[in-house]
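In: My questions concern the predicted model and sequence given below.
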Number of protein chains: 2
Amino acid sequence: MLQSKLFSKILKGKSADVESVSHDLLTRAGFIDQLMAGVYTFLPLGLKVLQKIENIIRVEMQKAGGQEISMPALTPKENWLKTGRWENFDVLFKLKGAGDKDMALAPTHEEVVVPLAKKNVFSYKDLPFGLFQFQTKFRNELRAKSGILRTREFFMKDLYSFHATQEDLDKYYDKMIKAYFNIFKEAGIGKQTYKTFASGGTFSKTSDEFQTVTDAGEDVIYICKKCGTAINKEIKAENPTCPNCKGSEFEEKKAVEVGNTFKLGASFSVPFDFKFKDKDGTEKPVIMGCYGIGLSRLMGAIVEASHDEKGIIWPKSVAPFDVHLIAIEKTDKVKRAADKIYKDLSGDIEILYDEREAKTPGEKFAEADLIGIPLRVVVSEKTLKTNSVELKERAKSKAELVKLNRISKILKSNVK
Amino acid sequence: MLQSKLFSKILKGKSADVESVSHDLLTRAGFIDQLMAGVYTFLPLGLKVLQKIENIIRVEMQKAGGQEISMPALTPKENWLKTGRWENFDVLFKLKGAGDKDMALAPTHEEVVVPLAKKNVFSYKDLPFGLFQFQTKFRNELRAKSGILRTREFFMKDLYSFHATQEDLDKYYDKMIKAYFNIFKEAGIGKQTYKTFASGGTFSKTSDEFQTVTDAGEDVIYICKKCGTAINKEIKAENPTCPNCKGSEFEEKKAVEVGNTFKLGASFSVPFDFKFKDKDGTEKPVIMGCYGIGLSRLMGAIVEASHDEKGIIWPKSVAPFDVHLIAIEKTDKVKRAADKIYKDLSGDIEILYDEREAKTPGEKFAEADLIGIPLRVVVSEKTLKTNSVELKERAKSKAELVKLNRISKILKSNVK
């Protein structure tokens, strides 16, 4: 698209009340806009990234056999009373509906998905299956902070799996762990993201966190120097050796939790009396797992993991555009050459075309570095003299000259 | 996908507390599931339809130059006080956040988009533009009814446009009206949907509703017998002739409102002091339009408009699957032939394969008619004797025999 039309001004200088690099960069580069503490609008650039993250996750969830649904945010008090979470879920947003009905804005969806699944499961033949959704979650965090790393309203993928036996859950859980590694790798933070042993809390015996190492993280993890698995603070306190390899040397790192997985067992089936008839004719509680990824938080974690002093460096897979095309001078020659590249590429690859006349070359370069699109093409009088344009990867410092008649082909092959 | 794996049981008989045909059919066929009054889960079949509707709308909004964003549901009281809607918007859900902060769940987004746009608009050069989103809206309706036609939580597309002059708004508004007609046509309810003159209410001088004629509708519209435009009840009371052609004969019809468009003028710019510097150097309030479509309601309206006594008849463009493949007998021959068709088509077209062994042919046909996928292919011993399968359009009563070696090709060309 034409950058002159793009909705979102680049803000000069560091934003005032920012608490993390990602908050600063995403705000200044026009990806997000804060409405109030912990509540954000995703602007066109930010939403594009979010939609790409969503698609990466969707593909992996479908590959694992998950079926997509969409559950509501408004939920009745009765369901939360059944699990004891009406009083005990500390960040539950409560509100009154028509007729003074007590409701909660769902911060997670066990209280909805279990009664739903119960309507459809009768026998062991109906198991196993997995349901997932992309949904806005609401959590009344006392301290919303760090931009989109901890917010009151956020996008989340949650999948719930249903099984006849613990063994079947274990198998499914392992499949999900693999899917999660694929997702974080595809999103460009595979190397910084650790599966981290965690204690399960009230509702789960086993749980794992996926923690992305970053100084902006609120969590502390301990990475086993021997096997590379991590454990969180609580586990470290209980058990000073690595649960995976019994190693005892750890590296301490700050990290942000981008995903989590729980073996819920029958914790939610029992309160909702959710049973199935097994092969032997007896009734048994359904065994469950649940698997979450915070999309907006993942977006923040990517920026924390991938930036330099000039701005964001988006991994190809989640970049808002594939190519940033910049016309330097306002001459006809430059305009014609840049317009032609834009036209040649449109439809095939996503291209942001900086054709703005009021900006200086320095401003254009600075904004391009801030926004962080993986490839930059600069069209200028100088290089046009040799029928060339300048091609530069955002992550590299060196640019190369490419002949005008070859640039479209090179970009197309680069992006695919 | 394999129907044995599809999450959602077909319910036998008419659902208990249904108030409209669409509610009954969508519930029984497993598209939606009610959590509480006016609050629904979209099951895999229902979400697929919703996503197709979303894509139809997105294409048209992008064609009209709209940029997609995503605004939050949580909004601060201050913004609603500015427009006077904290007290006067009768279906506003109010809640308390951390620190006893008053908030509302947005039923519409002028109170968010105006302060957002204000941060980015300074001069006439920044205008015009349009921002749209697909978002969950919340309205605390006293009487939520008719399934997904009137709910407390629903999916909506809303676009807001910003202009320097009334003339520019008028031009943009006409473009949007055309986009809306395209959307309703593409979604299969073009013929039943009328642009309906409406009075604007507090915030708008001019507004139009898009009303789909159906007996389940809560609105009454008057269709001019001369020109085919419609007017709503209020307009009819004020002005007994057609505002378009001055015709005076009308046909009275019940209808459901699937979209609406408003010329807001400066109604929202003024309370937020949202101005721009015009060419002549003077400051003027930004002129606005807003344009909504209820996606879940549109889905209900499509079913109201397109069904028979056996079930839903989905238009191709929004059908959850392209083809319903049914294997009748459990013999190897039938299974092999059906499996092969399924394999040949997978990846190219979306196919629901009823390979369930526990169901009788009668049950399978009844369920296929209820679900309403546009094309049905039946594989049976009988037709396999002539190396054929049966192909039937859901909307037609007659089936035709198609040679096995031609069926995949025919289906592929039919779907494209």
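Out: In hand now; what should we look at? Computed from a predicted structure; not experimentally measured. Residues are numbered from 1 along each chain as shown, chains lettered A, B, ... in the order given.

In: going forward, measure contacts between C-alpha atoms and count neighbours the same way
Out: Will do.

In: for A:F93, what are its contacts?
Out: Counting by C-alpha atoms under 8 Å, 6 or more residues apart in numbering or on different chains, A:F93 makes contact with A:A104, A:L105, A:A106, A:F138, A:R139, A:N140, B:L95, B:K96, B:G97.

In: Next, find the distance separating the third one from chain B.
Out: Applying C-alpha to the nearest C-alpha, to the nearest Å, one obtains 13 Å for the distance of A:A106 from chain B.

In: With the first one instead?
Out: Using C-alpha to the nearest C-alpha, we find A:A104 at a distance of 10 Å from chain B.

In: still on that earlier bit, out of the contacts of A:F93, who's nearest A:L45?
Out: A:F138 (23.2 Å; C-alpha to C-alpha).

In: thought that closest one was touching A:A104?
Out: No. Using C-alpha atoms under 8 Å, A:F138 is not in contact with A:A104; the gap is 9.3 Å.

In: can you map out the helices along the stretch 201-350 of chain A?
Out: For the stretch 201-350 of chain A, applying DSSP state H, counting those that start in this stretch gives helices covering A:233-238, A:295-305, A:332-345.

In: between the longest strand along chain A and helix A:295-305, how many degrees?
Out: Longest strand of chain A, by residue count under DSSP state E: strand A:250-265. Relative orientation of strand A:250-265 versus helix A:295-305 (axes from the mean of the first three to the mean of the last three C-alpha atoms, to 10 degrees): 170 degrees.

In: name the helices or strands packed onto strand A:250-265?
Out: helix A:166-186, strand A:206-213, strand A:219-224, strand A:287-294, helix A:295-305 (3 or more C-alpha pairs under 8 Å, 6 or more residues apart in numbering or on different chains; DSSP states H and E).

In: So for it, mean pLDDT?
Out: Taken as a whole, strand A:250-265 carries a mean pLDDT of 96.

In: quick one, phi/psi of A:L105?
Out: Per-residue torsions, A:L105: phi -90, psi 120 (degrees, to the nearest 10).

In: Give the bridge partners for it, please.
Out: Beta-bridge pairing of A:L105 under DSSP bridges involves A:L74, A:F93.

In: How much space separates it from A:V91?
Out: 10 Å (C-alpha to C-alpha, to the nearest Å).

In: Between those two, tell me which one has more neighbours.
Out: A:L105 (21 against 16; other C-alpha atoms under 10 Å in any protein chain shown).

In: Might you report the residue contacts of A:K185?
Out: A:K191.

In: Which strand residues bridge the closest residue to A:G130 other than its chain neighbours?
Out: Counting by C-alpha to C-alpha, 6 or more residues apart in numbering or on different chains, A:S161 is the residue found nearest to A:G130 once chain neighbours are left out, at 4.2 Å. On the basis of DSSP bridges, A:S161 is bridged to A:G130, A:G289.

In: Which pLDDT value goes with A:S161?
Out: pLDDT, A:S161: 98.

In: What count of nearby residues applies to it?
Out: 24.

In: what's the answer for A:I57, then?
Out: 23.

In: which residues sit against the helix or strand that contains it?
Out: For A:I57, the host element (DSSP states H and E) is helix A:44-63. Helix A:44-63 is contacted by residues A:6-8, A:26, A:30-32, A:67, A:132, A:134, A:157, A:179-180, A:182-183, A:186-187, A:295-296, A:299, A:317-320, B:67-70 when judged by C-alpha under 8 Å, 6+ apart.

In: Report the contact partners of A:V379.
Out: A:L325, A:I326, A:A327, A:I328, A:V334, A:A337, A:A338, A:V389, A:E390.

In: I meant to write A:R336 there.
Out: Contacts of A:R336 (C-alpha under 8 Å, 6+ apart): none.

In: Would you mind listing where chain A has pLDDT under the threshold?
Out: A:12-13, A:16-17, A:146, A:416 (pLDDT under 70).

In: returning to that earlier point: export the helix holding A:I57 to PDB, keeping only CA atoms.
Out: In PDB, the C-alpha atoms belonging to helix A:44-63 read as follows (Å, rounded to 0.1, in the frame of the first residue of the first chain):
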ATOM      1  CA  PRO A  44      -3.200  -1.400  10.500                       C
ATOM      2  CA  LEU A  45       0.400  -2.400  10.900                       C
ATOM      3  CA  GLY A  46      -0.100  -4.200  14.200                       C
ATOM      4  CA  LEU A  47      -3.200  -6.000  13.100                       C
ATOM      5  CA  LYS A  48      -1.400  -7.400  10.000                       C
ATOM      6  CA  VAL A  49       1.300  -8.900  12.300                       C
ATOM      7  CA  LEU A  50      -1.400 -10.300  14.600                       C
ATOM      8  CA  GLN A  51      -3.300 -11.900  11.700                       C
ATOM      9  CA  LYS A  52      -0.100 -13.500  10.500                       C
ATOM     10  CA  ILE A  53       0.600 -14.900  14.000                       C
ATOM     11  CA  GLU A  54      -3.000 -16.100  14.100                       C
ATOM     12  CA  ASN A  55      -2.600 -18.000  10.800                       C
ATOM     13  CA  ILE A  56       0.700 -19.600  11.900                       C
ATOM     14  CA  ILE A  57      -1.100 -20.900  15.000                       C
ATOM     15  CA  ARG A  58      -4.300 -21.900  13.100                       C
ATOM     16  CA  VAL A  59      -2.300 -24.100  10.700                       C
ATOM     17  CA  GLU A  60      -0.600 -25.900  13.500                       C
ATOM     18  CA  MET A  61      -3.800 -26.400  15.500                       C
ATOM     19  CA  GLN A  62      -5.600 -27.800  12.500                       C
ATOM     20  CA  LYS A  63      -2.600 -30.100  11.700                       C
END
